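# Here is my input; please provide its structure:
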Amino acid sequence: MADPSGGSVGESNRYRRPAISGLFDVLDQYVRDRPDARALVVTGDRIPVSYGALAAVVDDMAAHLGSTGLRRGEAVGLVCANTAEFVVALLGAARAGLVLAPMDPTLPRPQMSARLEGLGAQAILTGPPAVDAAPVAQFDIPTWELRVNIPVGGNATATLETGSGVVPHPPGTASELSDHDALVLFTSGSTNRAKMVPLTHTNVAASVRGICANYELGPEDATVAVMPLFHGHGLLAVLLASLASGGCVLLPERGRFSAHTFWDDMQAAAATWFTAVPTIHEILVQRSAREYPGPQAVPLRFVRSCSAPLNTATAQAMGRTFGAPVLSAYGMTETTHQATSEPLPRRGLAKLGSVGRATGVDLRVVDPGGQRCPAGTVGEVWVHGPTVARGYLADPTETAHSFVDGWFRTGDLGSLDEDGYLFVTGRIKNLVNRGGEKISPEHVEATLAGCSGVTEAAVFAIPDATYGERVGAAVVAPRGGVGAEEILRHCRTLLAPFEIPDRVEVVTALPHTAKGGLDRRAVQDQFAH
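So this is what the prediction gives:
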């Protein structure tokens, strides 16, 4: 297994391996060593919250939850924006021995209710919604409102309005959980088909240690919470990795990413890095001429990209604009977020198109028969190691298919080179079958995105009586800029004839999931007609 803490990392003067064993003790090391250091920066006044102050209010929240009648190992939901309430609920629940299930606050009430019921949640904690978001709905289980008050120069306090009544203990999926579990996360994609992934404290600790080691995160580092905390990207790579390493996270005033305030937030946090999906990186590059304050104002060690493929043109523009290495990472909910990442420049080579090397896991690329592929050969990517979940809750069929002898079958196509760098080429289920020719939408999208004037592209299958499927594309380009014929000319020089889109539609925007990735199901529904 790849060791994320070996080699030059262990010899680095700035890196210290996080001493954590789970979500419940993520603050402990720096509460002891640096209690007055900033852990968070919160509210519109950008008030710093120290490790000592955060731990105190988290302990109060754990005591509140412990007095409700909830039992260790029981599940509770959390609906909250990226605010102090989210952090306090997350860590307080862990200290109380509960299993927390963060929910997407934008889900319609029926879908959120279905997830809570499927989980067997005993209660749901609610914090303030993001600015301009709808209030949190009421549910058929106890709904408890959490508020954290952080005055300037004063002590932070938390209140939990639990009301009265006995906490119910319904049967169901909750019986599959125990106090070894820390979280239940829902897979991204269609809200009706999201799977429930239980993550243990051991999973969380291994993931956080791998992330911290790869980027050598330490007390000198700070970042801004760009990604939503209810998904692994924001939760593991931003919040928990920062807290476990003694760093600082600024939570934007609006409770979510705002391009308008981003660079002011970065300066206020004295940020040294940030991570986001490619769509957000593209937005920041487009607005950089009038908003980016320059490397002197925000001297970045690195920029990270994850959760969707980062096209080469955007990566190069980011590197030129922000004056920092741009590191692509790869992971999924079932691997407790990160499985691979490009290394920091002094620790390894940058390889164009790669998502880097394993970070604390083993990787395997296999053929349809499950046999390991030679270096450079495309097959399905499998992951094994301490970050891999045990399966899906209440879904034995899908668990049996996707989890094999400790290996997680990602459903992604890719190859490993001789140095262990992973190159992901697409999703097996996304392939377009044009008369027997299997076409990777991600490969065609990368080519489209390289056309001057194109900022984003989506490729999809168009039903066809002769070929079964044809290739369609929707591309985002400025109004009055590049046209469909120019885009097709670009494709003809770089793609095989069967890969060239049969139809190109220039659009103003593409649909995205709450996580920020391309919503392929919505693309298919919207454009494949």
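# okay, CA-based contacts and neighbour counts for the rest of this
OK.
# and the residue lying closest to A96 once chain neighbours are set aside, how many neighbours?
Distance criterion CA to CA, 6 or more residues apart in numbering; nearest residue to A96, sequence neighbours excluded, is A62 at 4.9 Å. Other residues lying near A62 total 22 when counted by other CA atoms under 10 Å.
# Then A62 would be within a strand, right?
No. Looking at A62 with DSSP: H, G, I helix; E, B strand; the rest coil, it is helix, so not inside a strand.
# residues contacting it?
92-96 (CA atoms under 8 Å, 6 or more residues apart in numbering).
# Kindly report the same for T447.
By CA under 8 Å, 6+ apart, the neighbours of T447 are 491, 494-495.
# which outside residues touch the helix or strand hosting V383?
Using DSSP states H and E, V383 maps to strand 379-384. Here strand 379-384 makes contact (CA under 8 Å, 6+ apart) with 335, 339, 361-368, 373, 406-415, 428.
# Buried ones among these?
Buried members of the contacts of strand 379-384, counted by 16 or more other CA atoms under 10 Å: 335, 339, 361-366, 373, 406-415, 428.
# sorry, back to before: C-terminal to the strand holding V383, what's the next element?
Using DSSP H and E, the helix or strand that follows strand 379-384 towards the C-terminus is helix 396-402.
# Listing partners with orientation, what would you give for the helix or strand just after that following helix?
As assigned by DSSP H and E, the chain's next helix or strand after helix 396-402 is strand 403-404. Strand 403-404 has the following strand partners under DSSP bridges: strand 407-416 (antiparallel).
# other SSEs contacting whatever helix or strand comes next after the strand it pairs with?
Using DSSP H and E, the helix or strand that follows strand 407-416 towards the C-terminus is strand 422-427. Using 3 or more CA pairs under 8 Å, 6 or more residues apart in numbering; DSSP states H and E, the elements in contact with strand 422-427 are strand 407-416, helix 441-449.
# quick check: angle from strand 422-427 to strand 407-416?
Orientation check (axes from the mean of the first three to the mean of the last three CA atoms, to 10 degrees): strand 422-427 against strand 407-416 gives 110 degrees.
# Mind listing residues that contact the helix or strand following strand 422-427?
Going down the chain from strand 422-427, the next helix or strand is strand 432-434, by DSSP H and E. Here strand 432-434 makes contact (CA under 8 Å, 6+ apart) with 438-441, 460-461, 467-471, 498.
# circling back: quick one: which of the contacts of A62 is nearest to P142?
P142 has its nearest neighbour among those in A93, at 15.5 Å by CA to CA.
# my read: that closest one touches P102, true?
No. The criterion here is CA atoms under 8 Å, and A93 misses it with P102 at 11.3 Å.
# who has more neighbours, those two?
Under the neighbour definition other CA under 10 Å, A93 and P102 were set side by side, and A93 has more, 30 against 24.
# What helix or strand is the more buried one located in?
Here A93 sits within helix 84-95, counting by DSSP H and E.
# do the same with I211
Per DSSP H and E, I211 falls inside helix 201-215.
# where's that helix relative to the chain centroid, distance-wise?
Relative to its chain's centre, helix 201-215 lies at 14 Å (CA atoms, centre = their mean, to the nearest Å).
# That helix: what's the following helix or strand?
Following helix 201-215 in sequence order, the next helix or strand is strand 222-224 (DSSP H and E).
# by contact count, what packs against that following strand?
Packing partners of strand 222-224 (3+ CA pairs under 8 Å, 6+ apart): strand 248-250, helix 262-269, strand 273-276.
# Apply 10 Å and report the result again.
strand 38-42, helix 241-244, strand 248-250, helix 262-269, strand 273-276 (3 or more CA pairs under 10 Å, 6 or more residues apart in numbering; DSSP states H and E).
# Given it, what are its sheet partners and their directions?
Looking at strand 222-224 with DSSP bridges, its partner strands are strand 248-250 (parallel).
# sorry, back to before: now, of the helices and strands packed on strand 222-224, which is deepest in the fold?
Ranked by mean neighbour count, the helices and strands packed on strand 222-224 are led by strand 248-250 with a mean of 30 (mean count of other CA atoms under 10 Å).
# The contacts of strand 432-434 in strands, which ones?
Of the contacts of strand 432-434, the ones assigned to strands by DSSP state E are 438-439, 460-461, 468-471.
# Can you check what angle separates the following helix or strand past the helix holding A93 from helix 84-95?
Downstream of helix 84-95, the first helix or strand assigned by DSSP H and E is strand 99-103. Angle, strand 99-103 to helix 84-95, by the same axes, to 10 degrees: 150 degrees.
# now the angle between helix 201-215 and strand 99-103, please.
60 degrees.
# let's number from 45 now, not from 1
Noted, 45 is the first residue going forward, which turns the last one into strand 143-147.
# Now for the nearest residue to V342 once chain neighbours are set aside: which residues touch it?
Nearest-residue entry for V342: Q311, 6.0 Å, with adjacent residues in sequence omitted and distances by CA to CA, 6+ apart. Contacts here follow CA atoms under 10 Å, 6 or more residues apart in numbering; on that basis Q311 touches 267-268, 337, 341-343.
# and which of those is nearest T431?
Comparing the contacts of Q311 against T431 with CA to CA picks out T267 as the nearest, at 23.6 Å.
# Quick one: residues contacting that closest one.
Neighbouring residues of T267 by CA under 10 Å, 6+ apart: 84-85, 282-283, 286, 291-295, 309-319, 344.
# How many residues are close by the closest residue to it other than its chain neighbours?
In space, and not counting its chain neighbours, T267 is closest to A315: 4.6 Å by CA to CA, 6+ apart. A315: 24 surrounding residues under other CA under 10 Å.
# just for the stretch 45-194 of the chain, where's the confidence low?
Scanning the stretch 45-194 of the chain for pLDDT under 70 picks out 45-58.
# you'd agree A202 is up against F130?
No. Counting by CA atoms under 10 Å, A202 sits too far from F130 to count as a contact (11.6 Å).
# any common contacting residues for the two?
Counting by CA under 10 Å, 6+ apart, the shared contacts of A202 and F130 are 190-192.
# Domains in this structure, by residue range?
As assigned by automatic domain parsing, the chain contains the domains 52-460, 475-571.
# Report the distance from the first one to the chain centre.
For domain 52-460, the distance from its own C-alpha centre to the chain's C-alpha centre is 6 Å (CA atoms, centre = their mean).
# Same question for the shortest one.
Relative to the mean C-alpha coordinate of its chain, domain 475-571 is positioned 25 Å out (CA atoms, centre = their mean).
# hmm, who's touching the helix or strand where P154 lies?
P154 is part of helix 153-163, with elements assigned from DSSP H and E. With CA under 10 Å, 6+ apart as the test, helix 153-163 has contacts from 119-121, 123, 145, 147-151, 164-168, 180-185, 214-221, 228, 230, 235-236, 238-240, 437-438.
# first to last residue in stretch 361-379, what's the distance?
Chord length of stretch 361-379, first to last residue, is 30 Å (CA to CA, to the nearest Å).
# Buried residues in that stretch, which are they?
Within stretch 361-379, the residues that qualify as buried are 361-363, 365-379, counting by 16+ other CA under 10 Å.
# Kindly indicate whether L243 is helix, strand or coil.
With three-state DSSP as the basis, L243 sits in strand.
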